[in-house]
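Trainee: below: sequence and its predicted model.
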Amino acid sequence: MAHNHDHDPSHAHEHGHDTQSASEQAMLEQAQAKLRSLFAGMPHEVPLYLFASRDREDVFAKAARDVLAAIQKFTSKITVEEHDLLGEIAKKWNVEHSPTMLFDPDIYHIRWQGAPLGEEGRTLVEALTMMGYKTSRLSRESQEILAKIQSKRDIKLFVSSTCPYCPQQAVNALKAAVGKPDLVSLEIVDIQANPELAAKYAAKGVPMTFANDKLIAQGAQPEELFMLSLEKLEPQTYFIPETEATEITTDLVIVGGGPAGLTAGIYASRSGLQAVVVERNALGGQMALTPVVENYPGLTQVGGKTLVDIMVQHALEYVRIFPGEEVVDIQQQGLFVIQTSRRRFKTKAVLLATGASHKKLGIPGESRLSGRGVSYCSTCDGPLFKGKKVIQVGGGNSAVTEALHLKSIGVDVTLVHRRDTLRAQDYLAKNLFASEIPILWDTRVKEIRGEKSVEEVVLDNKKSQMTETLSVNGVFIAIGYEPAVELAVKIGVALTPDGYINKDDYHRTNVPGIYSAGDVEGGYKQIVTAAGQGAGAAMTIFEDLINPYWKRQNDTPVEKSS
């Protein structure tokens, strides 16, 4: 059978291949020209040391040589010296793996274990240009975070040549190492070239970042978030830019960054108001200290801190948040003037979502040994007591939840409750009984003893009238909350007999323009109710700023509820 070559598929394929090759060649030439231009402007030389095996089977060593040889064709500013793994120079720099690259080691502490193949080629170019231009190219926010680091950070970043996200995280790490070479060192580890090291750190997914042998990130991060994780030495999920403004004018200042305050910020901003959230402590309030949340709609089970992160990330899309700022004064001068520890706000309305803090037992030894065995947060301090004996004081939801958490992480915990029945929800109580956590009923803690840390507690049983001493390593306390009403009192807001903010059904207080939401109002003290109160208060504020109820004729606030 005759063939017409003009229509032969094989010829058509060859023709297409030729066209593709020409296109690829053009792209290659364009990339090479860009590299020449980039390297040509570098004012500084970059000495690079390669330590590689001569073993022909070491494909990574051969690849590293080939890549560096190709780079040198573009510029004389990059010099490459290859040295034996068993030589004196290798010993000087503590190099043990092939291939390993050191970049200008007299200035920087940057090493690369592996060959810059595939996606990692981009990282190599970034590294060389940063050092060639002696600039980290950090954003202003990142520079400010990096400046806070005052002790050494040894970064170990696991990457792969097939990972498209690795270059972003590698560049972040390079910027830190170039930006602060006196304190930050970096080791980039290719998991394919170094499987044993990857296995040691359980680095099965890349990029994975460790600092001082602590996991600080899984996956790629925005630059500022990486720097924050590096500073804190733990994973960070959101970054809040700082501002140097000394005075800010806005429609609404929300005091408190718990679920009520964050939700109010979202609803206020979506209504068209300019709103800010000011929080003196950690964002999330009590929610951030809750080990596990199991009753938030839509999330069967979620860590309290995780739920905080979700809320904060959402709120940041709408409002400016000012963490770590304490409101020290609030006055009304036409507008409300709020003075914080860092700046002043002028606002039309104020929402007090200040929450409530843990109640104290008020017994001898409690304050003196706080932080030395006395704790109000099992999430924060529980891991320190693994395998040790502690008591959990209280009988409500919080106390039972904390006792269950302590038990789950291996702490020998006993619940001490002053009554003969629990106040906790049935679901939690059943879990407590099923866990076989011992319970001391009708018992009060009279004293906490210890020299440098908690050693024992004195217990008083009100039914038997017996007093006994129990040896323990820790005392965890969850007996309720005290509302944070100092600001409310300062501005003249009325309180309920229980000491919470007195408000009407629309979250208005007796002071026009001052509103409340969340645990500071009393009530159920649940995350979902606090969020609902925050939303309701925000909508009331929006309506009142349009048409203030205190300026309407024959219209007064709804009668206060207790």
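Mentor: Thanks, I have it.

Trainee: where in the chain is pLDDT low?
Mentor: Scanning the chain for pLDDT under 70 picks out 1-32, 380, 552-562.

Trainee: domain parsing for this protein?
Mentor: Domains of the chain are assigned by automatic domain parsing as 38-232, 247-357+483-551, 374-479.

Trainee: format those domains as JSON lines; extra columns: distance to residue 239 and mean neighbour count.
Mentor: (C-beta placed from N, C-alpha, C; glycine too.) Listed next are those as JSON lines, based on distance: least, C-beta to C-beta, whole Å; neighbours: other C-beta atoms under 10 Å:
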{"stretch": "domain 38-232", "distance to residue 239": "4", "mean neighbour count": "18"}
{"stretch": "domain 247-357+483-551", "distance to residue 239": "9", "mean neighbour count": "20"}
{"stretch": "domain 374-479", "distance to residue 239": "22", "mean neighbour count": "18"}
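
Trainee: could I get those domains as TSV with distance to residue 240?
Mentor: As requested, the domains of the chain are exported to TSV (distance: least, C-beta to C-beta, whole Å):
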stretch	distance to residue 240
domain 38-232	9
domain 247-357+483-551	5
domain 374-479	21
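
Trainee: nearest the middle, which residue of the chain would you pick?
Mentor: For the chain, residue 236 is the residue whose C-alpha lies nearest the centre (C-alpha atoms, centre = their mean; 2.7 Å).

Trainee: for residue 499, which residues are in contact?
Mentor: Each residue near residue 499 by C-beta atoms under 8 Å, 6 or more residues apart in numbering is listed here: 482-483, 485.

Trainee: make sure it is indeed in a strand.
Mentor: No: Residue 499 sits outside any strand when classified using DSSP: H, G, I helix; E, B strand; the rest coil, being coil.

Trainee: that one and residue 396: what is the separation?
Mentor: Counting by C-beta to C-beta, to the nearest Å, the gap from residue 499 to residue 396 is 18 Å.

Trainee: ditto for residue 348
Mentor: 38 Å.

Trainee: what does residue 519 give?
Mentor: 14 Å.

Trainee: now swap in residue 51 and tell me
Mentor: For residue 51 relative to residue 396 (C-beta to C-beta), the value is 62 Å.

Trainee: what does residue 206 give?
Mentor: In terms of C-beta to C-beta, residue 206 sits 45 Å off from residue 396.

Trainee: again, but for residue 336
Mentor: Taking C-beta to C-beta, one finds residue 336 at 36 Å from residue 396.

Trainee: residue 41 now?
Mentor: 67 Å.

Trainee: and if you look at residue 65?
Mentor: From residue 65 to residue 396 the distance is 67 Å (C-beta to C-beta).

Trainee: now residue 275
Mentor: Plainly put, residue 275 is 33 Å away from residue 396 if you go by C-beta to C-beta.

Trainee: check residue 497 too.
Mentor: Separation of residue 497 from residue 396 (C-beta to C-beta) stands at 21 Å.

Trainee: surely residue 228 touches residue 144?
Mentor: No: at 10.4 Å, residue 228 and residue 144 do not qualify as touching, with contact defined as C-beta atoms under 8 Å.

Trainee: grab the nearest non-local neighbour of residue 435.
Mentor: Nearest residue to residue 435, sequence neighbours excluded (C-beta to C-beta, 6 or more residues apart in numbering): residue 407, at 5.4 Å.

Trainee: in terms of helices and strands, where is that neighbour?
Mentor: Assigning secondary structure by DSSP states H and E places residue 407 in helix 397-408.

Trainee: let's see that helix as CSV, backbone CA atoms only.
Mentor: Provided in CSV are the C-alpha atoms of helix 397-408 (Å, rounded to 0.1, in the frame of the first residue of the first chain):
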residue,chain,number,x,y,z
ASN,A,397,-17.5,22.6,81.8
SER,A,398,-14.0,24.1,81.8
ALA,A,399,-12.7,22.0,84.7
VAL,A,400,-14.0,18.8,83.3
THR,A,401,-12.7,19.6,79.8
GLU,A,402,-9.3,20.4,81.2
ALA,A,403,-9.2,17.3,83.3
LEU,A,404,-10.0,15.2,80.3
HIS,A,405,-7.3,16.9,78.3
LEU,A,406,-4.7,16.3,81.1
LYS,A,407,-5.6,12.7,81.2
SER,A,408,-5.3,12.3,77.4
